[in-house]
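>>> For reference, the sequence and a predicted model appear below.
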Amino acid sequence: MTKRLVFLGPPGAGKGTIANRIAAKFNLPHISTGDLLRKEVAAETEVGKKAKGEMLRGELVNDELVTAVLRKRLSQGDAAKGFILDGYPRTMKQVELLENALKEIGEKLDVVLHIDASQKTIIKRLSNRRQCKRCGKLYNLVSLPPKNKGRCDVCQGELFQRKDDEQEAIKKRLQAYGQRTKPIISYYKEKGLLREVDCNGEIEENLLNAEEALKGI
Ligand code: AMP
């Protein structure tokens, strides 16, 4: 069965971690627009140059720009069997653009999972998040620390803090979420697509709750 899922929630709620696990379970591609955009920035493409400023400040990138990046990814063969979208849509305009893109191929979304956590949990998670410069593996200084300080367990690469995980940018990202993304939740609820999961707990507990919320899909 084809599954087209959207994972929606504030930054730091655990969308990426949960999407990774569920994607592996259902053998679906995990498509994160944040990751796609970071690749564009790293490769210094035209798209990357346009998106960089907003991303560093923790603001949303232009709807058409991020949708073009997403469309390109969705046109790859593996997305025909379904996908998990992580971090898209984030505005009502993107909801509309996604519906149009799916309509063109005669498809629609199956489920929207709302992954939620309190502001206190989010700030604690994001400000302690570190990533390996070389392989991208994520750590948390409190809940998932590396064995050697500042070094990746897997490849010994140097760990760094994402610019948008710094205090000021976290505030901006939460603001953008409240103003632009939250209204989407009621929209999908009215459409009968929404399922909800509380992710204030530890990783394993959150993953189990998310699997439970997706039962029967
Ligand atoms: P994320 O890794 O999902 O937190 O995304 C990192 C940053 O990429 C965000 O703070 C935005 O600047 C940008 N971004 C990712 N996805 C979107 C989206 N759907 N719409 C607008 N901006 C996005």
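Sure, I can see it.
>>> tell me which element Thr17 falls in.
helix 15-26 (DSSP states H and E).
>>> Flag every buried residue along that helix.
For helix 15-26, a neighbour-count test (16 or more other CB atoms under 10 Å) marks Lys15, Gly16, Thr17, Ile18, Ala19, Asn20, Arg21, Ile22, Ala23, Phe26 as buried. (Each C-beta comes from the backbone N, C-alpha and C, glycine too.)
>>> Can you confirm whether the helix or strand of the chain with the lowest mean pLDDT lies near the ligand?
None of the helices or strands of the chain scores lower by mean pLDDT, DSSP states H and E than strand 138-140, at a mean of 90. No - Strand 138-140 does not reach the ligand (CB under 6 Å from any ligand atom); its nearest approach is 11.0 Å.
>>> Leaving out sequence neighbours, find the closest residue to Ala169.
Closest residue to Ala169 apart from its sequence neighbours, by CB to CB, 6 or more residues apart in numbering: Gly58 at 3.4 Å.
>>> Correction: the previous question concerned Gly34.
Per CB to CB, 6+ apart, closest to Gly34 is Gly87, 4.8 Å.
>>> tell me the contacts of the one you found?
Shown in contact with Gly87 (CB atoms under 8 Å, 6 or more residues apart in numbering): Phe7, Lys15, Ser32, Thr33, Gly34.
>>> Among these, name the buried ones.
Buried by 16+ other CB under 10 Å: Phe7, Lys15, Ser32, Thr33, Gly34, out of the contacts of Gly87.
>>> At which residues are the helices of the chain located?
For the chain, the helices defined by DSSP state H occupy 15-26, 33-42, 46-57, 63-74, 92-104, 119-127, 167-176, 182-190, 203-213.
>>> interface residues of this protein facing the ligand?
Neighbours of the ligand within the chain, by CB under 6 Å from any ligand atom: 11, 33-34, 37, 54-55, 58-61, 66, 87-88, 90, 94, 164, 173.
>>> hmm, which of those are the buried ones?
Judged by 16+ other CB under 10 Å, buried ones among the residues of the chain next to the ligand: 11, 33-34, 37, 54-55, 58, 60-61, 66, 87-88, 90, 94, 164, 173.
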